[in-house]
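> Just the structure for this:
(2 chains)
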Number of protein chains: 2
Amino acid sequence: VLNLTILGTGSATPILLRNPSAQVLSNEYESYLIDCGEGTQNQLIKYKIKTNKIKHIFISHLHGDHFFGLIGLLSSFNLAHRTEPLTIFGPKGLDDIITIQLKYSGTFLHFKLTFTAINTTIDEVIVENEIIKITTIPLIHRIPCCGFLFEKKPKNRNIIKGKINEHFSIEEIKQLKEGKNVLHEDLSIKYSVETHTKAHSSAKYAYCSDTAFNEQIIPQIEKVDLLYHEATFKEDLIGRAAVTFHSTAMQAAKIAKSANVNKLLIGHFSSRYIDLDENLAEAKSIFTNTEIAIEGNQYEIGN
Amino acid sequence: VLNLTILGTGSATPILLRNPSAQVLSNEYESYLIDCGEGTQNQLIKYKIKTNKIKHIFISHLHGDHFFGLIGLLSSFNLAHRTEPLTIFGPKGLDDIITIQLKYSGTFLHFKLTFTAINTTIDEVIVENEIIKITTIPLIHRIPCCGFLFEKKPKNRNIIKGKINEHFSIEEIKQLKEGKNVLHEDLSIKYSVETHTKAHSSAKYAYCSDTAFNEQIIPQIEKVDLLYHEATFKEDLIGRAAVTFHSTAMQAAKIAKSANVNKLLIGHFSSRYIDLDENLAEAKSIFTNTEIAIEGNQYEIGN
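I've put the predicted structure just below:
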């Protein structure tokens, strides 16, 4: 299971109702901060997110509503005596922006900060460990921009209910969970992993903001459990969406439908929309299992 | 009269209760933004401040809680199609920090932005026009830092009540208000400016954040109508104040008393203080006319 907490659902023009883009995705071990608009550190405090679990930050592109909160967050991590290393993934240039501000403020970080420039034009695995695989999703925007695909790896197999009893030793159960058959001394199979366990299903989350309508992403995000797709405009402003390289709610839904995803979450709403009922209705007319992203809400991904 | 609106009363470590440093000082014609911590643009929206009146921004120093909101504010000015020119005064380096972020975000400003680097080690007039004179106040902090002294100039003299009647022409009243005697044809005095008008008293405001206890500022801020002085700590942490180059509430009050100011406003409170009654009591034990700065409150300066 992955857990997603939405911290911001607004777009570039600030309104008090919404914060700029930021989300936290968590598993049992780690959290991933995705984009970091101005005020994200306040949202992290408000929703009581454990920041020590955040070891990676992903910045989709260098428009301010997606990264102006990063330098403040790093400064506050430092004030709070963070020692946990941190890696930032983002377009080239973000390292210069951070470095110059640390320099002039006389800030010396107590934790190791690594910056990895990402190539936003290709899909590329940028993190892979025992827990997760994270891949960039090339998006089409006014400046270099990419989304991120998070694929949680199954940790252990699940025991099938009723298939074990008190005669099984702890060691035998552990072997089965790890995906190994339990063998007799003559190496014949005592308990088969196939009959006693089932694999964890994977949890897949795709984050796509900001982007023009772009069907090229469909193969990469096919059948994800949850797709977050920007939906800056309603359909009547499809022309405005095109020139600003953003999407409408219906376009987001078309991508969700074509990619056969389980659920669609839409966000990054233009400040012109206060009530979002029509935005949701437009998306639902194409793809029923759509929800409006709500700040502070948690979404469970996979099982 | 000058009107001061407090937008932030916190210090470096963020808490939801307080915003980082920012204030707006206004007269009939212009507003001045003093410091601009993260989230200042939201505070401007929240307290309905007219940002078109802001033609000058003053940044005291390059610690993040005093300037991390500046780039977001400039971006939002641009999104809102601002055309009014803007001048920023701040320590050297701030221009580089702004420029690099505008560059990578692909932002081309529609308004003229001028940056003036200030020398924080001397008191120097940085703005002077018919309305106001603004002078830097050298402060002692961990990095280059200065305060700002705002002196509103009297625009016109006030007519003394009952001293004119319907026989005065509009031209005669105008002359008196401009400080000129009204003369007979033989150049003898018809109505004396001294007997018919009184001068506007000046309005003086001094902003001093962040600073170690520094008695050298006293002559410069003598008899100001309002002094804002940082008071990060209570007296029991006077040692911590010294090593971090901050002040205690009592130290702020000592400065106010020695400078014989009319009123003291204290702010920039450490996140360790939730209730500020003791901080206020400590200051009042030295200087009675002290108030805690409260976000959203307006303070009238001069008359």
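> What confidence value was assigned to the residue in the stretch 201-303 of chain A positioned nearest to chain B?
Nearest residue of the stretch 201-303 of chain A to chain B: A:Ser271, at 9.2 Å (Cβ to the nearest Cβ). Where C-beta positions appear, they are placed from N, C-alpha and C, glycine not excepted. pLDDT for A:Ser271: 97.
> repeat for A:Glu194
90.
> that's a helix at it, yeah?
Yes: under DSSP: H, G, I helix; E, B strand; the rest coil, A:Glu194 sits within a helix.
> okay, now it: neighbour count?
13 (other Cβ atoms under 10 Å in any protein chain shown).
> try the one 10 residues further on
Taking other Cβ under 10 Å as the criterion, the count of residues near A:Lys204 is 22.
> Correct me if wrong: the residue of the stretch 201-303 of chain A closest to chain B contacts A:Ser11.
Yes: between A:Ser271 and A:Ser11 a contact is recorded at 6.7 Å, counting by Cβ atoms under 8 Å.
> Show me which of those two is the more surrounded one.
For A:Ser271 and A:Ser11, the more surrounded residue by other Cβ under 10 Å is A:Ser11, and the numbers stand at 29 against 15.
> Could you find the closest non-adjacent residue to that one?
A:His268 (5.1 Å; Cβ to Cβ, 6 or more residues apart in numbering or on different chains).
> give the contact list for the one you found.
A:His268 sits next to A:Thr9, A:Gly10, A:Ser11, A:Ser21, A:Ser209, A:Asp210, A:Glu230, A:Ala231, A:Thr232, A:His246 when contact means Cβ atoms under 8 Å, 6 or more residues apart in numbering or on different chains.
> What about A:Tyr207? Give its phi and psi, please.
Torsion angles at A:Tyr207 (phi, psi; degrees, to the nearest 10) stand at phi -110, psi 120.
> That one contacts A:Ile59, correct?
No: using Cβ under 8 Å, A:Tyr207 is not in contact with A:Ile59, being 11.5 Å away.
> Enumerate every residue touching the closest residue in space to A:Glu222 that isn't next to it in sequence.
Leaving out its chain neighbours, the residue that sits closest to A:Glu222 by Cβ to Cβ, 6+ apart is A:Ala259, at 5.0 Å. Contacts for A:Ala259 were tallied using Cβ under 8 Å, 6+ apart; they are A:Ile217, A:Ile218, A:Ile221, A:Glu222, A:Lys223, A:Val224, A:Leu227.
> returning to what we had before: could you dump the contacts of A:His268 to CSV with pLDDT and secondary structure?
Below are these laid out as CSV (pLDDT from 0 to 100; DSSP: H, G, I helix; E, B strand; the rest coil):
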residue, pLDDT, secondary structure
A:Thr9, 98, coil
A:Gly10, 98, strand
A:Ser11, 96, coil
A:Ser21, 98, coil
A:Ser209, 95, coil
A:Asp210, 96, coil
A:Glu230, 98, strand
A:Ala231, 98, coil
A:Thr232, 98, coil
A:His246, 98, coil
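> Among those, which one lies nearest to B:Lys161?
Closest approach between the contacts of A:His268 and B:Lys161, by Cβ to Cβ: A:Gly10, at 53.0 Å.
> Quickly list what the closest one is bridged to.
Listed by DSSP bridges, the beta-bridge partners for A:Gly10 are A:Phe269.
> And A:Cys146, by the same measure?
Residues in beta-bridge contact with A:Cys146 (DSSP bridges): A:Pro138.
> Can you give me the pLDDT of it?
98.
> What is the neighbour count of it?
With other Cβ under 10 Å as criterion, A:Cys146 counts 30.
> and it, what does it touch?
So A:Cys146 contacts A:Ser60, A:His61, A:Ile118, A:Thr120, A:Thr136, A:Ile137, A:Pro138, A:Leu139 (Cβ under 8 Å, 6+ apart).
> what's the closest of those residues to B:Asp96?
A:His61 (21.6 Å).
> is it true that that closest one touches A:Pro138?
No: using Cβ under 8 Å, A:His61 makes no contact with A:Pro138, being 11.5 Å away.
> between these two, what contacts are shared?
Residues within reach of A:His61 and of A:Pro138 at once, by Cβ under 8 Å, 6+ apart, are A:Thr120, A:Cys146.
> Who has more neighbours out of those two?
A:His61 (27 against 19).
> Next, the contact list for the more buried one, please.
Neighbouring residues of A:His61 by Cβ under 8 Å, 6+ apart: A:Pro91, A:Thr120, A:His141, A:Ile143, A:Pro144, A:Cys145, A:Cys146, A:Asp210.
> most neighbours, which of those?
Of the contacts of A:His61, with other Cβ under 10 Å as the count, A:Cys146 tops at 30 neighbours.
> pLDDT score assigned to A:Ser201?
For A:Ser201, the pLDDT comes out at 68.
> Up against chain B, what does chain A have?
By Cβ under 8 Å from any Cβ of the partner chain, the residues of chain A that approach chain B are A:12-16, A:38-39, A:41-42, A:45-46, A:62-64, A:68-69, A:71-72, A:75-76, A:79-80, A:91, A:93-94, A:96-97, A:100-101, A:103-107, A:142-143.
> In ChimeraX, how would I select just the buried ones from those?
This is the ChimeraX syntax for the buried subset of the residues of chain A next to chain B, where burial follows 16 or more other Cβ atoms under 10 Å in any protein chain shown:
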select /A:12,14,15,38,39,41,42,62,63,64,68,69,71,72,75,76,79,91,93,94,97,100,101,104,105,107,143
